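Visitor: Fold the following for me, if possible:
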Amino acid sequence: MAAWPVRALIQLWRVSLQARVVISTLVLGTVVLAFTAFLLLDQISEGLVESKRQTSLAQAQAGFLDAQAQLDAAPEPRAGPGQLLDGLLQSLESGSGTPHAYEVVVAPVLAESSTISAGRASASVDLASVPEDLIADVRDQPGAWWTYTRLIYDNVQAPSQDSAAIAVGSQVEVPGTGDDYAVYYLFPLDEQQRALGLVGRAVLTAGLVLMTLVAGVAWLVTRQVVTPVRLARRIAERLAAGRLQERMQVRGDDDIARLGRSFNQMATSLQRQIRQLEELSRLQRRFVSDVSHELRTPLTTVRMAADVLHDARGEFDGTTARSAELLQNELDRFESLLAELLEISRFDAGAARLELQQLDLVETAQRVCAALRPLADRAGVTMSLRYPGRPVRVEADPRRVDRIVRNLLSNALAHAHTDRVEVLVAGDDQAVAVAVRDHGIGLRPGDAAMVFNRFWRADPARTRTGGGTGLGLAIAMEDAQLHGGWLQAWGEVGSGSQFRLTLPRRAGDDLRRSPLPLVPDDLAGLVGEPYGRVSEPPATVGGSDPRKIGT
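Guide: Below is the predicted model:
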């Protein structure tokens, strides 16, 4: 329970600029005020005590002279020193007033003694109120001596009733006897302590009032600055959510008003540019869609003519037969590109739909590997499939999943420049995954975040000779997102790359983790055993540091 206010204060400090300013002002103001109050009280205390000390010394000095004069004028005592001490004590304390401004202690001076054993004290003051060091100074050296002490009352048990005092002492001599006596004046500092307490309470009250006013002023001042900032934040959030018509209300001509106008100008510029980009994107999508559809009719005619030529190539001479074969191959590539453009246009139009079925991801991977085995053989690539010893079932669109796996594997075979490729399949209670791992040229820093962009190519010069439209991975990403899944890439120059598809086991479920790691471990999985470890979804698709892509 005690930690809750602390957590609430920390959260308030983190999220509220106004709270940080007010709290910082209060803390710094409290420190400054406390330091100032300490110096003020210290100076007042020193001044009160010093004034009391000067007054006490002067009053005690007059008292010592009066005591010596009384002893010089007194007849020789007949009843012993006790009567002399009592008389002297009564005479000295008579000038103390009511209440007593001081207390008096009279005692004989005893050689080698630092205590008072036979002295007389006024009122109920204990003889122990006279400190031993003052007794020794008075005994050993002539003149008046002073020190601070505690005034102890022998009829009060509570130590808190004792009070600070200034003790002043000096020797007096009884004529004709040679006896020396010590007279001690004890001046209590009760009034000074009360005055200091009153000043302290006044300073504390004034400090609390001042800090309340400072906090109020800080809150009002920061509110004038923070309120427009909060409004700008809310407007920025609405702009980010697509509400491009939102603007700040501007009043006045101060810095905040100029900031608001600049913000509105920026929002207007962004709105205009975003609309231009949206229009360009719409025109581009429409152009791709129109061109793709318009090309289908002439392509069909050209295909029919090419098929006739290809079937009759045996009757042609070598050059003409070779041209017929090249025409057939290029038409195949052109049809593949046209099919990809049409698929992209369907995604852009929001017309793509899933045809969900229960499928075994292991069977899908086996089928794709078998279909691409000739391509692997021509490229001289050793291809292996690693999967659990049980079906990995998922509710998905078989055609689209097959296309994703085919795109990932054909991309690795055609462009990775590797001698071996592994296809990994795994699943748990919530998700299934398939990964394609190569040991080729890898991806440069930043490529993992770009590889799924449309028409993006890591090496344009290479892809022009090796083929490829630059749409395969983009279509695979659209297919994965249509399933509510992830399609992610990891790569490191010289260490190869890995592409991982993760799908929820049941359509519509939220993905929280993948049964395969995005960054390869040691690839030690065996056929018939689950491969990989549970991993949390990465925050980004790619990055320059391979150890920060996924977990």
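Visitor: Would you state the strands of this protein in chain order?
Guide: 103-108, 120-121, 145-151, 163-173, 180-188, 357-360, 382-386, 393-396, 420-427, 431-438, 486-492, 496-504 (DSSP state E).
Visitor: tell me the average confidence for the second one?
Guide: The pLDDT scores in strand 120-121 average 77.
Visitor: hang on, the earlier thing: the strands of the chain: which one's closest to Ala324?
Guide: strand 382-386 (32.0 Å; C-beta to C-beta). Any C-beta I mention is one placed from the backbone N, CA and C, and that applies to glycine too.
Visitor: how about that closest one: buried residues?
Guide: 383, 385-386 (16 or more other C-beta atoms under 10 Å).
Visitor: helices and strands of the protein: which one bottoms out on pLDDT?
Guide: helix 460-466 (a mean of 46; mean pLDDT, DSSP states H and E).
Visitor: Now do the closest residue to Phe452 other than its chain neighbours, the pLDDT please.
Guide: Counting by C-beta to C-beta, 6 or more residues apart in numbering, Phe452 lies nearest to Met477, which is 4.2 Å off, once chain neighbours are set aside. Predicted confidence (pLDDT) for Met477: 87.
Visitor: ok, how many other residues are close to Met477?
Guide: 24 (other C-beta atoms under 10 Å).
Visitor: Val434 and Tyr387, how far apart?
Guide: Note on Val434: its distance to Tyr387, by C-beta to C-beta, to the nearest Å, is 9 Å.
Visitor: Between the two, which has more neighbouring residues?
Guide: It is Val434, of Val434 and Tyr387, that has more neighbours when counted by other C-beta under 10 Å, with 29 against 25.
Visitor: and the more buried one, what does it touch?
Guide: By C-beta atoms under 8 Å, 6 or more residues apart in numbering, Val434 lies in contact with 361, 364-365, 405, 408, 423-425, 500-501, 516.
Visitor: beta partners for it?
Guide: Counting by DSSP bridges, Val434 is bridged to Val425, Leu501.
Visitor: What separation is there between it and Gln498?
Guide: For Val434 relative to Gln498 (C-beta to C-beta), the value is 11 Å.
Visitor: again, but for Val138
Guide: Applying C-beta to C-beta, the value for Val138 to Gln498 is 97 Å.
Visitor: Show me which of those two is the more surrounded one.
Guide: More crowded of Val138 and Gln498, by other C-beta under 10 Å: Gln498, with 31 against 23.
Visitor: Okay, the more buried one and Met266: tell me how far apart.
Guide: 41 Å.
Visitor: How about Asp154?
Guide: From Asp154 to Met266 the distance is 85 Å (C-beta to C-beta).
Visitor: Then Glu330?
Guide: With distances taken as C-beta to C-beta, Glu330 is found 50 Å from Met266.
Visitor: Next: Thr319.
Guide: Thr319 is 64 Å from Met266, by C-beta to C-beta.
Visitor: Just want to know which of those two has more residues nearby.
Guide: Met266 (12 against 8).
Visitor: pLDDT score assigned to the more buried one?
Guide: For Met266, the model assigns a pLDDT of 85.
Visitor: Same question for Arg393.
Guide: pLDDT, Arg393: 91.
Visitor: OK, contacts around it?
Guide: 358-361, 427, 432, 505.
Visitor: C-alpha coordinates for stretch 380-398, CSV please?
Guide: The C-alpha coordinates for stretch 380-398 follow below in CSV (Å, rounded to 0.1, in the frame of the first residue of the first chain):
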residue,chain,number,x,y,z
GLY,A,380,23.5,-26.6,-57.6
VAL,A,381,21.7,-26.0,-54.3
THR,A,382,21.2,-28.7,-51.7
MET,A,383,17.7,-28.3,-50.3
SER,A,384,16.5,-29.9,-47.1
LEU,A,385,13.2,-29.9,-45.2
ARG,A,386,13.0,-30.1,-41.4
TYR,A,387,9.7,-30.6,-39.7
PRO,A,388,8.1,-32.2,-36.7
GLY,A,389,7.1,-35.8,-36.7
ARG,A,390,3.4,-34.9,-36.7
PRO,A,391,1.1,-32.8,-38.9
VAL,A,392,1.2,-29.0,-38.4
ARG,A,393,-2.4,-28.0,-39.1
VAL,A,394,-3.6,-24.5,-39.6
GLU,A,395,-6.8,-22.8,-40.8
ALA,A,396,-5.8,-20.9,-43.8
ASP,A,397,-6.2,-20.4,-47.6
PRO,A,398,-4.2,-23.2,-49.2
